[in-house]
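attaching a predicted model along with its sequence, questions to come.
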Amino acid sequence: MSKDLAESGRLQTLLSRLGAGLDEYLKFKHPDALHPGYHWRQYLDIPLPKQGIGIDAVTDELLQHVIPNGSAVPRPGFTSFITTGGTTAAILAATAASVAAPQRYTLMAFNLLEELSLQWLADMFGLQSMKGVYSSGGSVANLLALGAARQFAFEQQGRDPGLDGVDRPVRIYATEEAHHTVQRSAGVLGLGRHAVFAVACDTEGRMLPDALRHAIAKDRQAGILPMAIVGNAGTTNRGEIDPLRALGEIAKEENIWFHVDGAYGLPGMLDERIRHLYQGLELADSVITDPHKWLGASVGVAATFVRDRELLKRAFMQEPAHYLEGSVESVEGDAPVPEHSLNDFGIPYFDYGVELSSPSRGVVVWALIREIGVSGMAERIRRHNDMASKIAQVASEHPHLELLQKPTLSICCFRYVSDKVTDLDGLNRRIHRQLLQENKNMPSTTIVNGKLAIRPCFVGARTEMSHADALVEDVLRIGAELSGSA
Ligand SMILES: *Cc1c(COP(=O)(O)O)cnc(C)c1O
């Protein structure tokens, strides 16, 4: 009997052992992986093994040495990156897909959920006139959206850039606050990273529409083709939302593609107190969001939405391959969720992006939304926004804290102040370093209008108001120690 057959039926046993180990890990009672004198590396860093040790011993090693020395990112007090630990629903769905849906082709339940969950996301975020495609993260999601923008701009010039490449300089209008994956996308798309122009912002970090108009006019005069305007629905640094309506109107007047990067902040619109800030989203030609950020998906799930997936197809399709096209038929265009012949490949997502083999990601998003519904999502988003507001309120009242920007979403930029210290940037940098060493409440830092800010970003499903309170207490305690204000 083959080894795998001998092991069949044991998945349940092994997965329950794994589940127990992961539950233990999520208590975060284990020592920090960076803790000195804790020698897990010596168990793992071994030469290529000639002989295997078998599945039980592999499971033991996972439980003893790998999982307890995993990442701090899922820790509830971890507020540095905008990624977080997947929720339990996400973990279950991703595990199920790894077994039962190794590809996203043909008519089967996981593929139905691929399209259905994209439609659910579109419904949840008011993008009903758009169709989506999943990819691995905001980086690729931006790449796909800007690939559609490139296709649109050059087709207007009578050229197919997917087929023939580009033959003139273009401009992408973004801001300093835009995510740097916009520049990388421009590089990958053959436009060059210098094609991205940083339009001036107001002091809150939002694009100034007049500066955008001015930049477009100047480029047109110089013979540069305006290709896309990139608006942020939630900047990575400060969680700010660009004036989407104003940018979208300029895009329409000028016939330029309007892309909205909502990798982090798109779900913010579920908080009805700030929904009005998303007005103008309906003018977007493409929108991205990262379910693996605020929605709690396991890492590796992003979505790009466009009005017409045929544009993505012309931008990214592969040349025909007989081993694929000869064996089954693809559903052309935006056909509905496949429900017909057994020969159907299903919706050709592989032509709408840059991945052929790909995990089924829809099942993860389906599970997240199915578990708690839109109302559960909205409640979590409001809670995270409240946490940033609470810190802002404390920071604006406390004599040793300074609020550097009033939060819009779940990011709050503040710092410790003391009149005993002149180098406040240095002081806050040291406070931050100590927070990381203590390994409990771990924000990041950023620069806000020239000042070093402590920047917690609350997106983790396991993060509660008590973690925001604890972070402020830690900053006050460490700040007092380091500045001698205690
Ligand atoms: C995180 C982020 C990205 C990149 O997303 P990844 O999933 O990390 O690739 C792009 N844009 C914005 C605004 C982001 O916050």
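Arrived safely.

who's W257 bridged to?
A228 (DSSP bridges).

can you tell me how far it is from E61?
Relative to E61, W257 is positioned 50 Å away (CB to CB, to the nearest Å). To be clear about C-beta, it is placed using only N, CA and C from the backbone, and glycine gets the same treatment.

what about the nearest residue to Y278 once chain neighbours are set aside, which SS state?
Once flanking residues are discounted, Y278 sits nearest to M269: 4.4 Å by CB to CB, 6 or more residues apart in numbering. When classified by DSSP: H, G, I helix; E, B strand; the rest coil, M269 comes out as helix.

who are the neighbours in contact with M269?
F125, G126, A233, R275, L277, Y278, L281 (CB atoms under 8 Å, 6 or more residues apart in numbering).

so what's the second one scoring on pLDDT?
What that stands for is G126. If you check G126, the pLDDT there is 97.

wouldn't it be in contact with E282 here?
Yes - with contact defined as CB atoms under 8 Å, G126 reaches E282; the gap is 6.9 Å.

more neighbours, W257 and E61?
Higher neighbour count among W257 and E61: W257, with 24 against 14, using other CB atoms under 10 Å.

my read: that one touches F154, true?
No - counting by CB under 8 Å, W257 stays clear of F154, with 11.0 Å between them.

pairing partners for the residue in the stretch 351-486 of the chain that the ligand sits nearest to in the sheet, please.
In the stretch 351-486 of the chain, the residue that lies nearest the ligand is C457 (9.1 Å; CB to the nearest ligand atom). With DSSP bridges as the criterion, C457 is bridged to I411.

now R245: phi and psi?
Main-chain dihedrals, R245, degrees, to the nearest 10: phi -60, psi -50.

scratch that, T445
The phi/psi pair for T445 (degrees, to the nearest 10) is phi -120, psi 160.

okay, now it: neighbour count?
T445: 19 surrounding residues under other CB under 10 Å.

doesn't G426 make contact with it?
No - T445 is beyond contact range of G426, at 11.7 Å (criterion: CB under 8 Å).

interface residues of the chain facing the ligand?
Residues of the chain lying close to the ligand by CB under 6 Å from any ligand atom are 82, 137-139, 142, 179, 181, 236, 261, 263-264, 290, 302.

ok, and the closest non-adjacent residue to whatever residue of the chain ends up closest to the ligand?
With CB to the nearest ligand atom, the shortest gap between the chain and the ligand falls at G138, namely 2.3 Å. Once flanking residues are discounted, G138 sits nearest to A263: 3.4 Å by CB to CB, 6+ apart.

next one: V182
Ranked by CB to CB, 6+ apart and with sequence neighbours excluded, the top spatial neighbour of V182 is A174, at 5.1 Å.

and the residue nearest the centre of the chain, what pLDDT?
Nearest residue to the geometric centre of the chain (CA atoms, centre = their mean): D290, 3.7 Å. D290 carries a pLDDT value of 98.

got the contact list for it?
By CB under 8 Å, 6+ apart, the residues touching D290 are I82, G137, G138, A141, A263, Y264, A297, V301, A302, A303.

how about 10 Å then?
D290 sits next to 82-83, 135-139, 141, 261-267, 297, 299-303, 459 when contact means CB atoms under 10 Å, 6 or more residues apart in numbering.

any of those buried? List them.
Buried residues within the contacts of D290, counting neighbours by 16 or more other CB atoms under 10 Å: 82-83, 135-139, 141, 261-267, 297, 299-303, 459.

tell me which of those fall in helices.
Of the buried ones among the contacts of D290, the ones assigned to helices by DSSP state H are G138, S139, A141.

with distance to L225 and pLDDT added, can I get those residues in CSV?
Shown next, in CSV, are those (distance: CB to CB, whole Å; pLDDT from 0 to 100):
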residue, distance to L225, pLDDT
G138, 25, 98
S139, 24, 98
A141, 23, 98
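
let's have those residues in CSV, adding distance to Y416.
Formatted as CSV, these follow (distance: CB to CB, whole Å):
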residue, distance to Y416
G138, 31
S139, 33
A141, 36
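
and the next element down the chain from the longest helix along the chain?
If each helix of the chain is counted by residues according to DSSP H, the longest one is helix 362-397. With elements assigned by DSSP states H and E, the helix or strand that comes after helix 362-397 is strand 401-405.
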